[in-house]
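Here is a sequence with its predicted model. Questions after.
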Amino acid sequence: QNRIKMENYFDSGYFVTASEDGSFKLWIDGRVMIDSGFFFGDDNNFANGTETRRARVSFKTTLYDQWAGEWDIDVADNEVEIKDFWMAYIGFDNTIIKLGNHKMPFSMEEVTSSRYIVFMERALPNVFTLGRRIGVSYTKWADNWRIQAGFYGQEVGTGEESGHNESWAYAARLTYDPISEKGKLLHFGASYQYAIPDAEDDNKIKFKERPELHLTEKILNTGKIKNVDDFSAYGLEFAWQLDNIMVQAEYISQDVNRYDGKPDASFDGYYIFVSYFVTGETRQWKKSESEFAAVTPNSKKGALEIALRYSSLDLNDESAEIFGGKEENVTLGINYYFNANVRFMMNYIFVNNDEYADGDGDFIGNDDFQILAFRFQYLF
Amino acid sequence: QNRIKMENYFDSGYFVTASEDGSFKLWIDGRVMIDSGFFFGDDNNFANGTETRRARVSFKTTLYDQWAGEWDIDVADNEVEIKDFWMAYIGFDNTIIKLGNHKMPFSMEEVTSSRYIVFMERALPNVFTLGRRIGVSYTKWADNWRIQAGFYGQEVGTGEESGHNESWAYAARLTYDPISEKGKLLHFGASYQYAIPDAEDDNKIKFKERPELHLTEKILNTGKIKNVDDFSAYGLEFAWQLDNIMVQAEYISQDVNRYDGKPDASFDGYYIFVSYFVTGETRQWKKSESEFAAVTPNSKKGALEIALRYSSLDLNDESAEIFGGKEENVTLGINYYFNANVRFMMNYIFVNNDEYADGDGDFIGNDDFQILAFRFQYLF
Amino acid sequence: QNRIKMENYFDSGYFVTASEDGSFKLWIDGRVMIDSGFFFGDDNNFANGTETRRARVSFKTTLYDQWAGEWDIDVADNEVEIKDFWMAYIGFDNTIIKLGNHKMPFSMEEVTSSRYIVFMERALPNVFTLGRRIGVSYTKWADNWRIQAGFYGQEVGTGEESGHNESWAYAARLTYDPISEKGKLLHFGASYQYAIPDAEDDNKIKFKERPELHLTEKILNTGKIKNVDDFSAYGLEFAWQLDNIMVQAEYISQDVNRYDGKPDASFDGYYIFVSYFVTGETRQWKKSESEFAAVTPNSKKGALEIALRYSSLDLNDESAEIFGGKEENVTLGINYYFNANVRFMMNYIFVNNDEYADGDGDFIGNDDFQILAFRFQYLF
């Protein structure tokens, strides 16, 4: 085997080394995200504070033109966590066959990179997504549609025990974009996921969610739901974009299927947001992932984005006698993009909880409050 | 000091940056290994499952032509572990003086890189190796022989305590290859190691081993052996290669020396395997390490390897009244090399345990079963 | 956005990739430090041993000429810890506005990089520094002076709890160098810091320090000091350099302010050392940080440095009835620089403890002993 000469460049926010024909390529994806949050009007006296929200370094590679891989860790809060960790065959046109730890294809916002999400955190209904698991998925896309379906085991780092096989899950996401040109998008999507409880969880599952800031506590909490056979969810998604304006919305419904006469339970949530670039930028759309991507300011002065989100999550099911709480949030977001790599974010969140939103008994319920949060984000 | 210009290339499976004369060099060694395993006929009902077997990134360097170093971590299962972590003087011909965390020179298969081992896991007798420790070693080699000897403290991350100095160990490996040309190898080797129990272990040691798949449990287990003064082992190794056929075998014998009238104990194990490349490839041989190395497919279609291994480990010593169990395995291995960096492995293992093979009481003994295991391996 | 071509080089000990004009730049800062230590004449029977003292990899970047960032971890002892983790605006002349996890500007030796410190560990009074915290700081410098001031929250990885806001701290360091030319330095500095106890510590703080080797125990220990409102310290620093001779000294005084009638407490410490390069080298001085930096040997044979340090720390305050112990150390240091990246260090430390130096009851007090310590340091 001969040496293949590589060239180095900085492209679209990344440091890259690649062979001339692009068949061999290595690039770094680093993320420095530093958050702070302040609470107003909260009965629970939540702690103001700071944190390293994400501290990621990833090595992404293309090899022999037909293979791709990723090695990705996050060390936020001094704990190492494997994120994207997979290999893929990319030798067929517009196709990815991916194996390893990667996100299950469910929910548009879930699969959107944290580099590019419009608000500091994904919306409340994100609680229903299962995130990354070790599995295999197949993706195929064209100009106006995309499908991804996959089969998965458990998360990295979850235990195995004799007598309990690892659990499994599957999911699929199908999207259709009647309009998909530069600066013009009309997007529809639907996704479905099915899972059984983790091997070590003894047929119990739990849903719990923070009020859209990672520094806060999980106020919505169903507690352990026992006697669970399996649980499945479906999601619907919508997005529209015209130049510097975009709208995105999702609805997710979760069903829990139980045995031994325990009543089945169901929960749901939804969100809608609108974003507007005062400085005229258009957020990129990535067809191969069917998700929004990077923002590159039009001028050296940077880009200013204003966004408003309404989100709602209902973890109460009276018929099943589960009262995890209900929350409705309104968030004002202001993002300033100094360039493609440096972003300042400010979120002001109005949180409205019902009486059951008490962290399964750990907090005072019915706590309505506001959060002022800041993020400094540096990508390299 | 002036700037030294570096060139980038992809060479033999690695991304490299190096000065023209090679006196300064940096390359990345990344390993993505994703395993899954399924059990058949097991009384213990072992858990089928998946895992990230290795999640390594290493930075390897050459500096000023005379120095070398490595910084290497594994984050499999979301736990960080230092692997190779050393500096070395390489200014003398065919000589390495290495200081830091590195493998003790004992057993051919132990020192063979996990990138290149023929089966998913090293054979059962590997239980007797001490792996990486902080120490210093001297290596010298010529065309037909190689010697490495080293003195070591404890493993990284093991505790110190007042009143107990860190333990120490030493080892040496000597190899002689009457035939050593491209595609023709006849290799003999012998190694010896000596160690005292770790400072915090109160003169106790333990030997335990899995049935050649990391996803399983440590069924062979001597339990704690008390009153240990020191323990030493010797190993014999043999390898033969003719083009696309290779044979490798080792025998390891372990002695445990005890005080206060406790009887000394001894255990042993061995393995032999044969490998055959259907597609005609020859596995590389690395003289500087006296170990087998990379496989590069002859054609773009890839390379197919079939291998068969018999291994045996006996952790019973009736005279010492220690019954850790005995196991004999037969493994069929099929490896497909898509290229020098991407490999698919399948192992089918017939496991034959005796009545004492019960994980020191945690499992049902005499459990004979089969394992079907897969690995997807992506090196970058 | 177009591709920006990058060039690679090795410069002043670092592997660098940078655009021609330097406005985009990425370089690696790796540190392999392997220590061993041996104790003589100690009543406490401290454990001789080895360790990975530092196992760091850092990615440092400059982006768009005006921004800088760092992602830096240490994995020594198999535990991941975020070190420098920040972004900065560097668009104004001689100015850095830094946000994220970085060292508070207090004490010259504390802010000096571990790559370049003269002895294996910083001197005893370093116990009073607060190290890295998440915060924001402003730095401005000229040829003969420098100021840095910053406001901070808690350390990365410290917990938050409802009912307790994260603690905060601030610090400032001002330096003035009447003489500052190549090989001639006269440096004066003063710094101040103020902090309140961490949120989860219930108004308690503790000072504890090892005898200038990381492998030892924290023999000086005040135990928990209760009812602490806040604690502040000031430091004075002095340095002088003439070619291959340098002198550095600091004095730090710590005050603890308490409520509920508990008496305020105060402690202090100081050190002075002299270093001499037998081979004639001059240690670099970095004006932008107001600290000593790299040593580059004059010849290919390397550089030899001899240094002597006296340090003293008094954690006793009779008026406050706190007896953490007093220690005086004399250290002989010998450093051999094979080149700018490889250094061998030997420290011989004479430790002199008073009767209260008993690790808050865990050790025998009044233990006077010697330490022989070695470090092998490989930077890449």
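Happy to help now that I have it.

From here on, just use CA atoms for contacts and neighbour counts.
Fine.

Next, the spatially closest residue to A:G269 that is not a sequence neighbour: phi, psi?
Nearest non-adjacent residue to A:G269, counting by CA to CA, 6 or more residues apart in numbering or on different chains: A:L313, 4.2 Å away. A:L313 adopts backbone torsions of phi -140, psi 130, taken as degrees, to the nearest 10.

Quick check: which element contains the residue most central in space within chain A?
Nearest residue to the geometric centre of chain A (CA atoms, centre = their mean): A:E110, 2.8 Å. Using DSSP states H and E, A:E110 sits within helix A:108-111.

returning to that earlier point: so what's the residue nearest to the centre of chain A up against?
Under the criterion of CA atoms under 8 Å, 6 or more residues apart in numbering or on different chains, the neighbours of A:E110 are A:R122, A:N126, A:T129, A:G131.

A:I117 now?
A:E109.

Quick check: it vs B:V278, distance?
Using CA to CA, to the nearest Å, we find A:I117 at a distance of 50 Å from B:V278.

any idea how far A:F231 is from chain C?
With the distance defined as CA to the nearest CA, to the nearest Å, A:F231 ends up 32 Å from chain C.

Which residue is the nearest non-sequential neighbour of that residue?
Ranked by CA to CA, 6+ apart and with sequence neighbours excluded, the top spatial neighbour of A:F231 is A:V256, at 4.4 Å.

Neighbours of the one you found, how many?
The tally of other residues near A:V256 (other CA atoms under 10 Å in any protein chain shown) stands at 21.

The host helix or strand of it packs against which elements?
For A:V256, the host element (DSSP H and E) is strand A:245-258. Judged by 3 or more CA pairs under 8 Å, 6 or more residues apart in numbering or on different chains; DSSP states H and E, the packing partners of strand A:245-258 are strand A:228-242, strand A:265-277.

Quick one: those as TSV, columns for mean pLDDT and mean neighbour count too.
What follows is these, written out as TSV (pLDDT from 0 to 100; neighbours: other CA atoms under 10 Å in any protein chain shown):
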stretch	mean pLDDT	mean neighbour count
strand A:228-242	98	20
strand A:265-277	98	21
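
Those strands into JSON lines, with extra columns for distance to A:I322?
Formatted as JSON lines, the helices and strands packed on strand A:245-258 follow (distance: least, CA to CA, whole Å):
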{"stretch": "strand A:228-242", "distance to A:I322": "13"}
{"stretch": "strand A:265-277", "distance to A:I322": "8"}
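
Out of the ones you listed, which gets nearest to B:A171?
B:A171 lies closest to strand A:228-242 among these, at 53.7 Å (CA to CA).

Please name the strands paired to the closest one in the sheet, noting orientation.
strand A:184-195 (antiparallel), strand A:245-258 (antiparallel) (DSSP bridges).

returning to what we had before: do you know the pLDDT at the residue nearest to A:G269?
On pLDDT, A:L313 comes in at 98.

can you give me how far the helix holding A:E110 is from the chain middle?
Here the centre of helix A:108-111 is set off from its chain's centre by 5 Å, with CA atoms, centre = their mean, to the nearest Å.

anything in the helix or strand that that helix is followed by near chain B?
Next helix or strand after helix A:108-111 toward the C-terminus (DSSP H and E): strand A:132-141. Yes: judged by CA under 8 Å from any CA of the partner chain, strand A:132-141 and chain B are in contact via A:I134.

Please save the CA atoms from strand A:132-141 in PDB.
C-alpha atoms of strand A:132-141 as PDB (Å, rounded to 0.1, in the frame of the first residue of the first chain):
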ATOM      1  CA  ARG A 132     -28.300   6.700  21.200                       C
ATOM      2  CA  ARG A 133     -28.200   3.000  21.500                       C
ATOM      3  CA  ILE A 134     -26.000   0.300  20.000                       C
ATOM      4  CA  GLY A 135     -27.700  -0.900  16.800                       C
ATOM      5  CA  VAL A 136     -27.800  -1.000  13.100                       C
ATOM      6  CA  SER A 137     -29.800   1.400  10.800                       C
ATOM      7  CA  TYR A 138     -30.400   1.800   7.200                       C
ATOM      8  CA  THR A 139     -30.900   5.300   5.600                       C
ATOM      9  CA  LYS A 140     -31.900   6.200   2.100                       C
ATOM     10  CA  TRP A 141     -32.700   9.600   0.800                       C
END
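
Could you save the strands paired with strand A:228-242 as TSV and add columns showing mean pLDDT?
Below are the strands paired with strand A:228-242 laid out as TSV (pLDDT from 0 to 100):
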stretch	mean pLDDT
strand A:184-195	98
strand A:245-258	98
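
Could you dump those strands into CSV with distance to A:D177 added?
Converted to CSV, the strands paired with strand A:228-242 look like this (distance: least, CA to CA, whole Å):
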stretch, distance to A:D177
strand A:184-195, 4
strand A:245-258, 13
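
Of all the ones you listed, which one comes closest to B:N329?
strand A:184-195 (35.3 Å).

quick one: the strand holding A:V256 to strand A:265-277, angle?
Computed by axes from the mean of the first three to the mean of the last three CA atoms, to 10 degrees, the angle separating strand A:245-258 from strand A:265-277 equals 170 degrees.

if we look at strand A:245-258, which residues are touching it?
Outside strand A:245-258, the residues that reach it (CA under 8 Å, 6+ apart) are A:107-108, A:125, A:128, A:226-241, A:263-277, A:282.

Same check on stretch A:352-368?
Residues lying outside stretch A:352-368 but in contact with it, judged by CA under 8 Å, 6+ apart, are A:41-44, A:208, A:217-223, A:316, A:323-329, A:350-351, A:369.

Where strands are concerned, which of those residues count?
A:208, A:220-221, A:316, A:323-329, A:350-351, A:369 (DSSP state E).

Could you point out which residue ranges in the stretch 51-200 of chain A have low pLDDT?
A:160-162 (pLDDT under 70).

Around chain C, which positions in it sit nearby?
When proximity is defined by CA under 8 Å from any CA, the stretch 51-200 of chain A lies next to chain C at A:E51, A:T52, A:A55, A:V75, A:A76, A:D77, A:N78, A:E79, A:V80.

redo that, cut-off 6 Å
When proximity is defined as CA under 6 Å from any CA of the partner chain, the stretch 51-200 of chain A approaches chain C at A:D77, A:N78.

interface residues of the stretch 51-200 of chain A facing chain B?
So the stretch 51-200 of chain A meets chain B at A:V80, A:E81, A:I82, A:V156, A:G157, A:S162, A:G163, A:H164, A:N165, A:E166 (CA under 6 Å from any CA).

Which element, helix or strand, includes the third one?
Same thing as A:I82. strand A:81-89.
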